[in-house]
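> Sequence first, then the predicted structure, then my questions.
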Amino acid sequence: MASHPSLRPGVETLTITDAAPGTHLRVETVDGDPVVTLLADHAGNAHVTFIPDEHAVLADSDALQAAIRGGHTLEPGEYRVVAGDPGGATEPWVSNLVRVMAVDDHPHPSLYDQTLAEGFGYLSVRDDVLLSAMVRFPDENLYGPGPWPTVVEYSGYGPSDPDAPQPGTLLATLFGFAVVGVNIRGTGCSGGIFDVFSPAQAADGFDIIETVARQDFVLGGRVGMIGLSYPGIAQLYVAATRPPHLAAIAPQSVIDDLWRQQWPGGTYNSGFTRVWLAQRDAQTKQGGMAWDQARIDAGDEVARANQAVRTQNLDFESFGRALENFRPSMSPRRTADQVSRIEVPVFLTGSWHDEQTGSRFALMLNDFTSSPHTVFTLFNGHHPDGYSAPMIGRWFEFLNFHVAQRVPRFHDLVRAVAPSQFAEHFGATHELEQDRFTEWADDFEQARARYLAEPSVRILFESGTVHEVPGAPGARYEITANSFPPAGCRARRWYLGPGATLGDEVPSEDGADRYLDDPDAGAESYALTDDFDAFIQPTVPIEWTHFADEHTAAYQSEPLTEPVAVMGQGHVDLWMRPGTTDTSVQASLTEVRPDGQQVRMQAGWHRPVHRMEDGERSGDLTVDYTFLPEHRQPLVPGEWVRFRLPFMPLAHVVRPGSALRLTLSTPGRDHPFWRFDNPVEPGAGHDIGWGGARPSALVLPVLDGVEHPLEYPAADAQRGQPARPARPIANTAI
């Protein structure tokens, strides 16, 4: 143990090591004002990132959670640390001033003169933390010697694991790219404290890009980023820091906000998001990943030393659960608040029915206002589908035009082996899409001009219905647009009415239907497997259960006489008379076909104690809420309240002859992985108003003139959209 504590100031963080266990560590401003006091843990460590609005001693996890709920992050500036127990016999130790950095406090460029060799190693960032990195080159027999176009895969999974490359890394090296896989701080063999999607991780990404760009193996000093899910999301934060040598990013299956992911509509997601964060907590403990412990056991002393501060990794499942309301201090972690800063081309794919991350990503597609070129591909399907055959050809094109700066053409050998690889991973044989720019093989600028002129949004429909293997990725038809929702979308209303109806006119007389809280619903999701990777296959075992009649209020339109193409978010304009001071409401939207099958379209959730809509993100076709604590207000049992309940975004064409069905209930039973900690009271009832002065309505964004096949697809083949026999509606009228 050192004679006094050691301080490592970082980006909006301050890490203290080598203190005597249990020592009080008071952080002060340059003027001597106390900010927060922590106690050194059993290893002599403490980490400052979340602080209370007023000085407090954070002596245990409860105090830390209180700071998270009601405080803010450590601001950039100068601080000192005073170490010593109050009233102790010895004089307290006082540190020199240290400077906590902001994200935009860039280091001296000499930091980026590090050399990265092929294989496993470490990369230093601005606060001297060492991040584990794995450099992989493409096959020289196929692509010749370097330099090669280069991309970075950056996440808290295992991108730097030397023995298990990530899927994006495998594809990129197969397609002729060098890949540098880097583990986020506090994960794998990387040093530092893990703090999910923190400003420090974004700043590290800046340093990674600038270091990689200076390597001899990098073609043209241009670096791209790749990755699906975690490494996809991480790209958005990094790109928002604007590294000068970042050429383009290709994020897939991403989220728009970590808080709204964990609290959809204001109700805690006790399913996938809780499990995912718990996995991160387990894997970021000392030796929490098998491969990092194996390196330590084999003598990697850097990896061993990097584990020393893991005692300060936050418990993010508890962290997220403590944040019952959104706070402005969380804005740097809200992806949607960052993407307008991105100044490089963006390739993004996502599914309306993503079983892990959902489809709120689509709400931020129009926020990439600084990007010179965006390519968005949207579809029904599952979380891993961004790497399926219908997507990967366009991914390859994008990386070639913007990172490699060459006309995209798959190597003949790669094209030959692709069908067997797709069969192995996706459960069905696929061929790669044909090269689309062979006409301009010798004219990169002309090919690029053609590429840039294409519409920026590609919307695929009825994936899963065209392959000989039902459910295998592959769209039946598609449309293109230059925005999402496409220009020309209009709000169409169907009004709730008597007899469980949805009609074009407001019923002249008012009425109401009652549903009871379902105490069991929140714990029910319909996937019969907890294996996230199973969703790459054509079909997944599910049991899409029904609510008991008394637990729903449902409404159905007459069979449509013309097609309805839903394009966007949609919502329910709802009048409700609650039976309790707090409740959450789920809206499920389904298509009831002439053959009697009920096909899931989409769902949405809202907890109406959150009253204030976000004016900047709401309009006729969109709804979002502030979720701020000052805008939270208990419901009054027996008093009517009006609010808008948003669906997750989607694109779906309902053919003539089908009907729309809206079902209102307690959240649950209607998602493959998401579950909900609902505020329920057994026996409590909630009334849904309709007609007269309380005209509740289903409001959908509709685009006219969408061409589509007339024939229905197989009901149970649409990827991500389960089907079941429709049951009669039996509302409880009051």
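On my side now, so go ahead. Being a predicted model, the structure only gives us computed values, none of them experimental.

> what sits against residue 220?
For residue 220, the contact set (C-beta atoms under 8 Å, 6 or more residues apart in numbering) comprises 147, 149, 405. C-beta here means a position set from N, CA and C on the backbone, and glycine is covered the same way.

> Find the nearest non-adjacent residue to residue 96, please.
residue 80 (6.8 Å; C-beta to C-beta, 6 or more residues apart in numbering).

> So for the helix or strand containing the one you found, what gets flagged as buried?
Using DSSP states H and E, residue 80 maps to strand 77-83. Residues of strand 77-83 classed as buried by neighbour count (16 or more other C-beta atoms under 10 Å): 79-83.

> For the helix or strand just after it, which helices and strands make contact with it?
Once the chain leaves strand 77-83, the next helix or strand it forms, by DSSP H and E, is strand 93-94. Judged by 3 or more C-beta pairs under 8 Å, 6 or more residues apart in numbering; DSSP states H and E, the packing partners of strand 93-94 are strand 77-83.

> Now do the strand it packs on, average pLDDT.
Across strand 77-83, pLDDT averages out at 97.

> Adjacent strands (with direction) for that strand?
strand 24-29 (antiparallel), strand 93-94 (antiparallel), strand 98-100 (antiparallel) (DSSP bridges).

> what about the shortest one, distance to the chain center?
Taking the mean of its C-alpha atoms, strand 93-94 sits 43 Å from the chain's own mean (C-alpha atoms, centre = their mean, to the nearest Å).

> So what touches it?
Contact partners of strand 93-94, identified using C-beta under 8 Å, 6+ apart, comprise 4-5, 80-84.

> Let's see that with 6 Å instead.
4, 82-83 (C-beta atoms under 6 Å, 6 or more residues apart in numbering).

> Point out where the stretch 501-650 of the chain drops to low pLDDT.
For the stretch 501-650 of the chain, no stretch has pLDDT under 70.

> what ranges do the strands span in it?
Applying DSSP state E, counting those that start in this stretch to the stretch 501-650 of the chain gives strands spanning 501-503, 511-516, 552-557, 564-568, 571-577, 585-592, 597-606, 641-646, 650-654.

> what packs against the first one?
Meaning strand 501-503. Strand 501-503 sits against strand 490-497, strand 552-557, with contacts defined as 3 or more C-beta pairs under 6 Å, 6 or more residues apart in numbering; DSSP states H and E.

> Give me the angle between the last one and strand 571-577.
The reference is to strand 552-557. Interaxial angle of strand 552-557 relative to strand 571-577 (axes from the mean of the first three to the mean of the last three C-alpha atoms, to 10 degrees): 130 degrees.

> Can I get strand 552-557 as PDB, trimmed to CA atoms?
Coordinates of each C-alpha in strand 552-557 appear next as PDB, following Å, rounded to 0.1, in the frame of the first residue of the first chain:
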ATOM      1  CA  THR A 552     -58.700  -6.500 -21.100                       C
ATOM      2  CA  ALA A 553     -60.800  -3.800 -22.900                       C
ATOM      3  CA  ALA A 554     -60.600  -4.600 -26.600                       C
ATOM      4  CA  TYR A 555     -61.900  -2.900 -29.800                       C
ATOM      5  CA  GLN A 556     -62.000  -4.100 -33.400                       C
ATOM      6  CA  SER A 557     -62.700  -2.300 -36.700                       C
END
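
> Direction included, what does that strand pair against?
Going by DSSP bridges, the partners of strand 552-557 are strand 501-503 (parallel), strand 659-665 (antiparallel).

> out of those, deepest packed?
When those are scored by mean count of other C-beta atoms under 10 Å, the highest mean neighbour count falls to strand 659-665 (a mean of 22).

> Tell me which residues are up against it.
Applying C-beta under 6 Å, 6+ apart, the contact partners of strand 659-665 are 547, 551-557, 559, 586-588, 590, 592, 688, 698.

> shaky segments in the protein?
Within the chain, the stretches with pLDDT under 70 are 1-2, 89, 280-288.

> The most centrally placed residue in the chain sits in which helix or strand?
In the chain, the residue lying closest to the centroid (C-alpha atoms, centre = their mean) is residue 255, at 2.3 Å. Assessed by DSSP H and E, residue 255 sits outside every helix and strand.

> what sits against it?
If a contact means C-beta under 6 Å, 6+ apart, then residue 255 has 233, 261, 357 as its contacts.

> Including neighbour count, distance to residue 648 and secondary structure, could those residues go into JSON lines?
Formatted as JSON lines, the contacts of residue 255 follow (neighbours: other C-beta atoms under 10 Å; distance: C-beta to C-beta, whole Å; DSSP: H, G, I helix; E, B strand; the rest coil):
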{"residue": "233", "neighbour count": "24", "distance to residue 648": "17", "secondary structure": "helix"}
{"residue": "261", "neighbour count": "22", "distance to residue 648": "12", "secondary structure": "helix"}
{"residue": "357", "neighbour count": "23", "distance to residue 648": "11", "secondary structure": "coil"}
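
> show me what contacts residue 157?
Residue 157 makes contact with residue 230 under the criterion C-beta under 6 Å, 6+ apart.

> hang on, I meant residue 717
Neighbouring residues of residue 717 by C-beta under 6 Å, 6+ apart: 464-465, 470-471.

> Report the two of those separated the most.
Greatest spacing in the contacts of residue 717, by C-beta to C-beta: 465 and 471 (8.5 Å).

> Residues contacting the strand holding residue 80, please?
The contact list for strand 77-83 (C-beta under 6 Å, 6+ apart) reads 5, 23, 25-28, 30, 92-95, 97, 99-100.

> and residue 6, how far is that from residue 95?
Remark: distance between residue 6 and residue 95 (C-beta to C-beta, to the nearest Å) = 9 Å.

> okay, those two: which has more neighbours?
Higher neighbour count among residue 6 and residue 95: residue 95, with 18 against 13, using other C-beta atoms under 10 Å.

> re earlier: output the strands paired with strand 552-557 as TSV; include the columns distance to residue 484.
TSV is the format used below for those (distance: least, C-beta to C-beta, whole Å):
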stretch	distance to residue 484
strand 501-503	25
strand 659-665	21
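
> what number of residues lie near residue 528?
As a burial measure, residue 528 scores 11 neighbours (other C-beta under 10 Å).

> ok, so of the buried residues of strand 77-83, who is nearest residue 692?
The nearest member of these to residue 692, counting by C-beta to C-beta, is residue 79 at 61.5 Å.

> What residues are bridge-paired with the closest one?
Listed beta-bridge partners, residue 79: residue 29, residue 98 (assigned using DSSP bridges).

> Check residue 513 too.
Going by DSSP bridges, residue 513 forms beta bridges with residue 688, residue 733.

> for it, what are its contacts?
With C-beta under 6 Å, 6+ apart, residue 513 has these contacts: 553, 688, 731, 733.

> Domain ranges for this structure, per the record?
Domain assignment for the chain, taken from automatic domain parsing, gives 6-100, 107-344, 490-733.

> Next, format the ones you listed as TSV and append distance to residue 377.
Shown next, in TSV, are the domains of the chain (distance: least, C-beta to C-beta, whole Å):
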stretch	distance to residue 377
domain 6-100	33
domain 107-344	9
domain 490-733	11
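
> With respect to residue 423, which of the ones you listed lies nearest?
With respect to residue 423, and counting by C-beta to C-beta, the nearest of the domains of the chain is domain 490-733 at 10.8 Å.

> what's the span of the closest one, first residue to last?
One end of domain 490-733 to the other measures 32 Å (C-alpha to C-alpha, to the nearest Å).

> Now find how far off-centre it is within its chain.
From the chain centre to the centre of domain 490-733 is a distance of 22 Å (C-alpha atoms, centre = their mean).

> surely residue 379 meets residue 460?
Yes. Contact status for residue 379 versus residue 460: in contact at 3.9 Å, counting by C-beta atoms under 6 Å.

> Those two: which is more packed in?
The residue with more neighbours, out of residue 379 and residue 460, is residue 379; 29 against 23, by other C-beta under 10 Å.
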